[in-house]
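Asker: predicted model and sequence below, questions to follow.
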Amino acid sequence: MWSEHGSVYVREKGELHCVSTDGQLVSTYKAPRLFQKDFTVRLCIESSAPISRQRSDHFIFTYNREGSLCYTVKPLLDISLLFIADNIEHVDSLVGFPEQMAHKLFVVAEEKQKFTDPPTSARALQVFSEAYGGLVLKSLCLRDRKLLVSERMDEIQVFHQLEVLDLYGCGLGDSHDIFRHLSSEAFTRLVRLFLGDNCLTDKGLQRLTAPIRVMKKGLENLQQLDLSGNPLSEKGLWYLTCFKKLEELDVSRTSVKLDASLKSFFRAMMRMELSAEPLKVFTHAKCQTEGWAEEVINQWERKASELPNKELKPRTNALQFYGREKFVRERIHSTSNDRRTEGQMTIIHFYKPHSPTQQTGHSKDTSAALTVLTGRKRKLSGKKEEQAESSPPAKRPPESTFSAEDLNLLNSY
């Protein structure tokens, strides 16, 4: 059958037929095969070409009563948070963003390990810290986590509004990079600082206090300080006089001797008294990580624990082979004895009394403290005064002069 548009075909029982002019099926039309029966298709993707990720996280998959798989689309808010969390390192600022929504965004970014991956962790934490400060992290406890402090220095310095920082037993020494950040303006809100058992000497304490002694900037709001277990001397205690708001101090297990001169020094120069009982602040019972980033610190620790630990057995076998087993045994016993004697050491805690009646007599003890701690300097100065009487008077140096060590420290910041 022909029409103006050509031949007319009819499909009947799955087959295509051509209709004649009288309405009968004249011939059967078989469509040609595009491929042979044994033809197979294999999908090949170049390795260099980027593979687009399937956005399965935009859907919620469930099963109905019949056991069939069903899915529903997530709300637009959740999809938006997922997109922002994937690109959080490219966000300029979150200032003005609601805190509740920011907390949800932080949780989503935390689930995506954005704060653990080194290329994005520092920038991602900085975006939240600049906008929300203490909500992100108010207290940070890194006690006995030396490896974690060294690996996460870029992330730790991002927390600008920390109030409590525990670095006890991290083996920082005198020249660790974290001291540069502690003495900067970023940590002016720090109130409680634990630096016990860090091999900190008088030189390290001088470096830590140089900005506040010279420029009146740095740890100016510090109230509690733990320096126990460090080889500090009486000379290093002079650097602590710059902390005007210091209320509690721990100098136990140091090179400082507990005598009348030490008590008079703290009473005269810092208005602090020796505590008859150990202060609860230095028990580290209440020191813990607080803030949105609490789980982030746990992720850092878990990732650091995944690193393979070195076995010490071959080292011990080598020492036994060379006849040094006795030395190792004595060394182990000596460390255990040191731990036992830590509890027997004299606890030296100083505190600042708040009642005015306890602060009387400070002016009377000032001269006594100065003469005891600086007796040698006074003898030398007496000889210089005798020589100065015979020579013409020289110009008085200004009171604001600093030592060469202080100037070198300031130039390093």
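Answerer: Received, thanks.
Asker: let's see the strand or helix carrying Q126 as PDB, backbone CA atoms only.
Answerer: Here Q126 sits within helix 118-132, counting by DSSP states H and E. Extracted in PDB, the C-alpha atoms of helix 118-132 (Å, rounded to 0.1, in the frame of the first residue of the first chain):
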ATOM      1  CA  PRO A 118      47.700  17.300  55.700                       C
ATOM      2  CA  PRO A 119      47.100  19.200  52.400                       C
ATOM      3  CA  THR A 120      43.700  20.500  53.600                       C
ATOM      4  CA  SER A 121      43.700  20.200  57.400                       C
ATOM      5  CA  ALA A 122      45.400  23.400  58.300                       C
ATOM      6  CA  ARG A 123      43.400  25.600  56.000                       C
ATOM      7  CA  ALA A 124      40.100  23.900  56.900                       C
ATOM      8  CA  LEU A 125      40.700  24.400  60.600                       C
ATOM      9  CA  GLN A 126      41.800  28.000  60.000                       C
ATOM     10  CA  VAL A 127      38.500  28.800  58.300                       C
ATOM     11  CA  PHE A 128      36.500  27.700  61.400                       C
ATOM     12  CA  SER A 129      38.900  29.100  64.000                       C
ATOM     13  CA  GLU A 130      38.900  32.600  62.500                       C
ATOM     14  CA  ALA A 131      35.100  32.700  62.600                       C
ATOM     15  CA  TYR A 132      34.200  30.900  65.800                       C
END
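Asker: show me what counts as buried in it.
Answerer: By neighbour count on 16 or more other C-beta atoms under 10 Å, the buried set for helix 118-132 is T120, S121, A122, R123, A124, L125, Q126, V127, F128, S129, A131, Y132. Bear in mind the C-beta positions are built from the backbone N, C-alpha and C, glycine included.
Asker: quick one: the helices in the stretch 101-250 of the chain?
Answerer: Taking DSSP state H, counting those that start in this stretch as the test, the helices found in the stretch 101-250 of the chain are 118-132, 146-151, 153-156, 178-182, 202-214, 234-237.
Asker: in a markdown table, list these along with mean pLDDT and distance to D250.
Answerer: Output for the helices of the stretch 101-250 of the chain, formatted as a markdown table (pLDDT from 0 to 100; distance: least, C-beta to C-beta, whole Å):
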| stretch | mean pLDDT | distance to D250 |
| --- | --- | --- |
| helix 118-132 | 93 | 29 |
| helix 146-151 | 89 | 20 |
| helix 153-156 | 91 | 23 |
| helix 178-182 | 87 | 17 |
| helix 202-214 | 90 | 14 |
| helix 234-237 | 92 | 13 |
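Asker: what about the strands in this protein?
Answerer: Using DSSP state E, the strands of the chain run over residues 2-3, 6-7, 9-12, 15-19, 25-29, 59-63, 69-73, 139-141, 164-166, 192-194, 224-226, 248-250, 273-274, 349-351.
Asker: distance to G204 added to those strands, as TSV?
Answerer: Shown next, in TSV, are these (distance: least, C-beta to C-beta, whole Å):
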stretch	distance to G204
strand 2-3	101
strand 6-7	97
strand 9-12	92
strand 15-19	93
strand 25-29	95
strand 59-63	55
strand 69-73	58
strand 139-141	20
strand 164-166	16
strand 192-194	13
strand 224-226	13
strand 248-250	16
strand 273-274	25
strand 349-351	20
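Asker: mind checking these for the one nearest to E306?
Answerer: Checking the strands of the chain against E306 by C-beta to C-beta gives strand 139-141 as the closest, at 21.0 Å.
Asker: other residues contacting that closest one?
Answerer: Residues outside strand 139-141 that contact it (C-beta atoms under 8 Å, 6 or more residues apart in numbering) are 156, 159, 162-166, 287-291, 297.
Asker: repeat that with 10 Å
Answerer: With contacts defined as C-beta atoms under 10 Å, 6 or more residues apart in numbering, strand 139-141 is touched by 156, 159, 162-168, 191-192, 194, 284, 286-291, 293-294, 297.
Asker: how about stretch 294-305?
Answerer: Under the contact criterion C-beta under 10 Å, 6+ apart, stretch 294-305 has outside partners 106-107, 109-111, 113-117, 121, 124-125, 136-142, 145, 147-148, 151-152, 155-156, 288-289, 291, 293.
Asker: right, so of the helices of the stretch 101-250 of the chain, which gets closest to L262?
Answerer: L262 sits nearest to helix 234-237 of all the helices of the stretch 101-250 of the chain, at 7.3 Å, using C-beta to C-beta.
Asker: now do the contacts for S184.
Answerer: Taking C-beta under 10 Å, 6+ apart, one finds Q157, H160, P211, K217, G218, L219, Y413 in contact with S184.
Asker: repeat that for 7 Å
Answerer: G218 (C-beta atoms under 7 Å, 6 or more residues apart in numbering).
Asker: ok, back up a step: show the buried residues in the contacts of stretch 294-305.
Answerer: 106, 109-110, 114-116, 121, 124-125, 136-142, 145, 148, 151-152, 155-156, 289, 291, 293.
Asker: quick check: bridge partners of S7?
Answerer: S7 has the following beta-bridge partners by DSSP bridges: W2.
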